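A.B. asks: with the sequence up front, the predicted model follows.
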Amino acid sequence: MSQPLPLPQPLALAIAKDRYLTPQYAFADTTHIPLLSPPRYGQDITSGCRARAPQGQFVGDDIADLKARMLKLLKIFANGDRTGMAKRLFDGLTAMTHRLATVALASVIVGLLLTPLAYIGIGALGGFAIAFAAISMPLLLLCSLFLFHRYLRRPAASAHPRRWPQVAEAAAWLPVVFFLAIVSGFTLLTTAERFGLFCTLALVASLVALPWMALRPSALVARVAQWPAAPVAAGALMSVGVLAGGAVVYLVTPSRFL
């Protein structure tokens, strides 16, 4: 029986040249282009990485500043693009990045709203008196339903939102936060374990909310999409990082109490 002959991996190499750039610095790549003489590059290759640029250049202080600088580079390096394809690709990439950050942040917000239900599901109320559940549950249910209605409904067409629903929304979060602060201490957990369990439940709840936020139009996603890109990206990255980090530490650390 014949065996297929192994073929070398095809290699593709493109060399771009420009009048203002003098290729004078050789840089060998024996892994991907071993059969060619070392290509020569311009002065940028001598700048290194993880250090200041030699003439003090920087990418900006926020995403908006970086985008403006990238657009300037786009005009230089895509100057010959008469179809506008490079600009459309750039706009599509930035829109996709903002969309991902928007969905992630909205999922975390809804996940925090679902976290009290997760505590109830694991039996956290069993560690408290019946009177606590009788007083807190109706208020928690009422506030949660109001917030779910505000966040999960379809986006409204009104350009001037009224003030009193926003005030009521902020007030509705107070019983949710109070309930989480009390119920999270339902067993003899250390502070780190208490925070880790909260991160784990909130992360799971956020993952449950993710498909809804990503696939169905909602008022919350539409509202977050209108916020500046830099705070949305920072908020999404920070919140997901804190929840994921706390959950991982909690899950890999043995509990002190059995």
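C.D. replies: Cool, the structure landed.

A.B. asks: quick check: Arg162 vs Ala168, distance?
C.D. replies: Look at Arg162 and Ala168: by CB to CB, to the nearest Å, they are 10 Å apart. Glycine gets a C-beta too; all of them are placed from N, C-alpha and C.

A.B. asks: repeat for Pro254
C.D. replies: Using CB to CB, Pro254 is found at 44 Å from Ala168.

A.B. asks: which of the two has more neighbours?
C.D. replies: Ala168 (13 against 5; other CB atoms under 10 Å).

A.B. asks: OK, contacts around the more buried one?
C.D. replies: Phe146 (CB atoms under 8 Å, 6 or more residues apart in numbering).

A.B. asks: equivalent analysis for the one 5 residues further on, please.
C.D. replies: With contact taken as CB under 8 Å, 6+ apart, Trp173 is in contact with Cys143, Leu147.

A.B. asks: buried stuff in the one helix or strand it maps to?
C.D. replies: Using DSSP states H and E, Trp173 sits in helix 163-183. Of the residues in helix 163-183, Ala172, Pro175, Val176, Phe179, Leu180, Val183 count as buried by neighbour count, 16 or more other CB atoms under 10 Å.

A.B. asks: what's the answer for stretch 136-153, then?
C.D. replies: In stretch 136-153, counting by 16+ other CB under 10 Å, buried: Ser136, Leu140, Cys143, Ser144, Leu147, Arg150, Tyr151, Leu152.

A.B. asks: and stretch 180-193, by the same measure?
C.D. replies: Leu180, Val183, Ser184, Phe186, Leu189, Glu193.

A.B. asks: closest one of those residues to Leu105?
C.D. replies: The nearest member of the buried residues of stretch 180-193 to Leu105, counting by CB to CB, is Leu180 at 18.8 Å.

A.B. asks: was I right about the closest one contacting Leu113?
C.D. replies: No. The pair Leu180 and Leu113 fails to qualify as a contact (CB atoms under 8 Å) at a distance of 10.2 Å.

A.B. asks: joint contacts of the two?
C.D. replies: With CB under 8 Å, 6+ apart, Leu180 and Leu113 have no common neighbours.

A.B. asks: now do stretch 193-213: distance to the chain's middle.
C.D. replies: Offset of stretch 193-213 from its chain centre (CA atoms, centre = their mean, to the nearest Å): 14 Å.

A.B. asks: average pLDDT for that stretch?
C.D. replies: If you average the pLDDT over stretch 193-213, you get 95.

A.B. asks: could you list the buried residues of it?
C.D. replies: 193-206, 209-210, 212-213.

A.B. asks: let me see the residues that make contact with it.
C.D. replies: Contacts of stretch 193-213 (CB under 8 Å, 6+ apart): 103-104, 106-108, 110-115, 117-119, 122, 152, 180, 184-185, 189, 218, 220-221, 240, 242-247, 249-251, 253, 255-256.

A.B. asks: quick one: which of the residues you listed sit in helices?
C.D. replies: Using DSSP state H, the subset of the contacts of stretch 193-213 located in helices is 103-104, 106-108, 110-115, 117-119, 152, 180, 220-221, 240, 242-247, 249-251.

A.B. asks: just the buried residues from those, in PyMOL please.
C.D. replies: For the buried members of those, the matching PyMOL selection, counting by 16+ other CB under 10 Å, is:
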select buried, resi 103+104+106+107+108+110+111+112+113+114+115+118+119+152+180+220+221+240+243+246+247+250
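
A.B. asks: need the contact list for Gly127.
C.D. replies: Counted by CB under 8 Å, 6+ apart, Gly127 has contacts Phe186, Thr187.

A.B. asks: go on, Ala28?
C.D. replies: Pro38.

A.B. asks: quick one: low-confidence ranges for the stretch 1-150 of the chain?
C.D. replies: Counting by pLDDT under 70, the stretch 1-150 of the chain has low-confidence residues at 1-17, 20, 32-36, 46-57, 59-62.

A.B. asks: where do the helices sit along it?
C.D. replies: 63-77, 85-121, 130-152 (DSSP state H, counting those that start in this stretch).

A.B. asks: could you dump these to TSV with distance to Gln43?
C.D. replies: Output for these, formatted as TSV (distance: least, CB to CB, whole Å):
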stretch	distance to Gln43
helix 63-77	16
helix 85-121	25
helix 130-152	52
